[in-house]
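1. With the input below, show me the fold.
(one chain, ligands or ions: 2)
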Amino acid sequence: MPDVSIVVPTFREAPNVRELHARVADVMGSQRWEIIFVDDDSPDGTADLARALSAEDPRVRCVQRIGRRGLSTAVVEGALSSSADTIAVMDADLQHDEKILPAMLNELRARKLDVVVGSRYVGGGSTGDWDESRKTISRIAGRLARGLVPEGLHDPMSGFFVVKSATFREAARNLSGYGYKILLDLFVSAGRPLQFAEVPYTFKPRAHGESKLDTLVAWEYLMLLVDKRIGHIISPRLLFFGLVGGSGVVFHYAILSLLFLGLGVPFASAQLVGTVCTMTSNFFLNNLFTYRDQRLRGTKLLRGLLSFYAVCGLGALANIGVAAYAFSKDVEWALSALAGIVVGTLWNYLATARFTWGAKK
Ligand code: GDD
Ligand code: MN
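-> Numbering: from 1, shown residues only. Ligands and ions are numbered 1, 2, ... in the order given. Now for the predicted structure:
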């Protein structure tokens with residue numbers, strides 16, 4: 001059994017797999033280690049390459065996931081597939097300096113720590129030749145996480161760290177799994193202060209392939225923060241769904257005043273147009289924000305829209321039914337209406353999660 005499993009999430013990293021393995025083998029010397037590539041079915045055949053590599057070196061394993069995406073969840077699955085005492089997590093693209101791996105492992109063991117982080121923000125480390133905009137984004141992202149992670153941790157955004165397997169498993173059930181920030185997730189989800197240290201390194205430029213950092217990653221970071229700050233009160237998706245619904249109310253009134261007050265369209269017709277327009281805008285906003293990670297496109301978009309109309313139509317009936325019932329039981333009118341809105345919204349949320357977006361969470 002290896003002492004350390006190096007978990008490497010990959011998506012389209014074919015040109016880097018072999019080089020990473022060679023570099024790791026070089027620095028790990030006589031330690032007992034393995035590499036676990038966790039690949040999300042990359043179209044460039046990364047998983048096949050990893051398997052070919054394990055035919056040459058049995059210390060290489062590959063977990064291939066189909067129909068899924070996500071750096072954090074890939075790391076979680078790789079880590080849980082390991083029986084080693086220690087987990088190391090690093091990127092495949094050679095941006096993390098493998099040369100500090102032995103020092104990180106020594107530190108972890110010698111000081112009996114939970115986590116040792118490869119850090120760009122302690123003395124001797126740096127972000128390398130990042131441009132100003134990436135530096136700014138990184139700074140803002142860090143600021144948003146303030147209060148969630150321990151004061152003394154300088155690089156909570158790092159994707160390069162070693163952790164005791166037991167600590168990882170302790171936190172595993174509480175992890176959000178949203179997006180890229182598995183280290184931050186780990187610190188927040190551990191349920192106790194983790195003992196940690198940081199080892200400096202310089203973030204290297206990417207040699208091959210391209211970064212997968214995009215708006216989805218930013219969105220996932222936001223979901224992670226919302227989940228970790230108020231997730232015990234309301235799920236981030238329901239929150240977004242509610243916010244979109246709120247925007248819909250404003251939109252609806254705008255259309256209604258334009259048609260009914262402005263253009264003299266009969267009230268019932270204006271109300272109908274307003275409702276359809278609002279359902280449509282709610283659908284697209286939810287598709288863009290609430291369900292960005294499972295966004296519908298093409299023909300699925302149309303089918304989704306139709307199912308959204310159907311579900312929300314029922315939701316409106318439920319809303320009216322509940323409100324009317326409450327009102328008939330002498331509940332105040334405003335409260336009756338609120339009860340209807342809450343039940344209708346919950347129905348819409350749960351049913352569209354199932355039928356429109358087929359969400360897991
Ligand atoms: N399995 C899997 N699934 N792997 C993924 C996915 C995915 O959906 N998306 C990205 N990866 C892999 C990449 O193949 C790479 O090995 C690693 O995760 C990091 O992805 P990059 O796209 O290279 O990220 P980056 O360089 O912009 O971000 C890195 O630096 C950040 C610090 O600035 C990552 O290490 C981040 O975790 C880190 O916070
Ligand atoms: Mn990278």
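2. Ramachandran coordinates for residue 60?
-> Torsion angles at residue 60 (phi, psi; degrees, to the nearest 10) stand at phi -100, psi 130.
3. Can you give me the distance of the residue lying closest to it once chain neighbours are set aside to residue 61?
-> Nearest residue to residue 60, sequence neighbours excluded (CB to CB, 6 or more residues apart in numbering): residue 54, at 3.8 Å. Using the backbone N, CA and C atoms, a C-beta is placed for each residue, glycine as well. Note on residue 54: its distance to residue 61, by CB to CB, to the nearest Å, is 6 Å.
4. and residue 337, what is it in contact with?
-> By CB atoms under 8 Å, 6 or more residues apart in numbering, the contact list for residue 337 reads residue 323.
5. Only C-alpha atoms, please: export the helix or strand containing residue 343 in CSV.
-> Element membership for residue 343 (DSSP states H and E) is helix 333-355. Taking C-alpha atoms only, helix 333-355 is exported to CSV below (Å, rounded to 0.1, in the frame of the first residue of the first chain):
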residue,chain,number,x,y,z
TRP,A,333,-55.6,38.5,3.3
ALA,A,334,-51.9,39.5,3.2
LEU,A,335,-50.9,36.4,5.1
SER,A,336,-53.2,34.2,3.0
ALA,A,337,-51.5,35.5,-0.1
LEU,A,338,-48.1,35.0,1.4
ALA,A,339,-48.9,31.3,2.2
GLY,A,340,-50.0,30.8,-1.4
ILE,A,341,-46.8,32.4,-2.7
VAL,A,342,-44.6,30.3,-0.4
VAL,A,343,-46.3,27.0,-1.3
GLY,A,344,-46.4,27.9,-5.0
THR,A,345,-42.7,28.8,-5.0
LEU,A,346,-41.6,25.7,-3.2
TRP,A,347,-43.6,23.6,-5.6
ASN,A,348,-42.1,25.4,-8.6
TYR,A,349,-38.6,25.0,-7.1
LEU,A,350,-38.9,21.3,-6.3
ALA,A,351,-40.7,20.3,-9.4
THR,A,352,-38.5,22.3,-11.9
ALA,A,353,-35.4,20.9,-10.1
ARG,A,354,-36.8,17.5,-10.9
PHE,A,355,-38.5,17.9,-14.3
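6. buried residues in it?
-> Residues 336-337, 339-341, 343-345, 347-349, 351-353 are the ones in helix 333-355 that count as buried (16 or more other CB atoms under 10 Å).
7. which residues does residue 61 bridge with?
-> Counting by DSSP bridges, residue 61 forms beta bridges with residue 36.
8. Tell me which stretches of the stretch 1-150 of the chain form strands.
-> Listed in chain order, the strands of the stretch 1-150 of the chain (DSSP state E, counting those that start in this stretch) span residues 4-10, 33-39, 60-64, 86-89, 115-119.
9. Partner strands of the shortest one, with direction?
-> Sheet pairing of strand 86-89 (DSSP bridges) gives strand 4-10 (parallel), strand 161-164 (antiparallel).
10. How about the last one?
-> Within its sheet, strand 115-119 is paired with strand 161-164 (antiparallel), strand 196-200 (parallel), according to DSSP bridges.
11. Relative to residue 208, which of those strands is closest?
-> Of all the strands paired with strand 115-119, strand 161-164 sits nearest to residue 208, with 23.3 Å by CB to CB.
12. Over the closest one, what's the mean pLDDT, rounded is fine.
-> The average pLDDT for strand 161-164 rounds to 98.
13. what's the distance between residue 298 and ligand 1?
-> Residue 298 is 21 Å from ligand 1, where distance means CB to the nearest ligand atom, to the nearest Å.
14. Give me the neighbour count for that residue.
-> By the criterion of other CB atoms under 10 Å, residue 298 has 7 neighbours.
15. for the one 4 residues further on, same thing?
-> Around residue 302 there are 10 other residues, counting by other CB under 10 Å.
16. Relative to ligand 1, how far out is it?
-> 27 Å.
17. Check what pLDDT that residue gets.
-> Residue 302 is given a pLDDT of 95.
18. Just the buried residues of the helix or strand harbouring it, please?
-> In this assignment (DSSP H and E), residue 302 forms part of helix 298-328. Judged by neighbour count using 16+ other CB under 10 Å, the buried positions of helix 298-328 are 304-305, 307-309, 311-312, 315-316, 318-319, 322-323, 326-327.
19. tilt between the helix holding residue 343 and helix 298-328?
-> 150 degrees (axes from the mean of the first three to the mean of the last three CA atoms, to 10 degrees).
20. average model confidence for helix 333-355?
-> Averaging pLDDT along helix 333-355 gives 93.
21. got the residues of the stretch 101-250 of the chain near ligand 2?
-> Within the stretch 101-250 of the chain, no position is near ligand 2 by CB under 5 Å from the ion.
22. where in the stretch 101-250 of the chain is pLDDT low?
-> For the stretch 101-250 of the chain, applying pLDDT under 70 flags no range at all.
23. ok, now with 80
-> Residue ranges of the stretch 101-250 of the chain with pLDDT under 80: 179, 212-214.
24. Residue of the stretch 51-200 of the chain nearest ligand 1, please.
-> In the stretch 51-200 of the chain, the residue that lies nearest ligand 1 is residue 159 (2.3 Å; CB to the nearest ligand atom).
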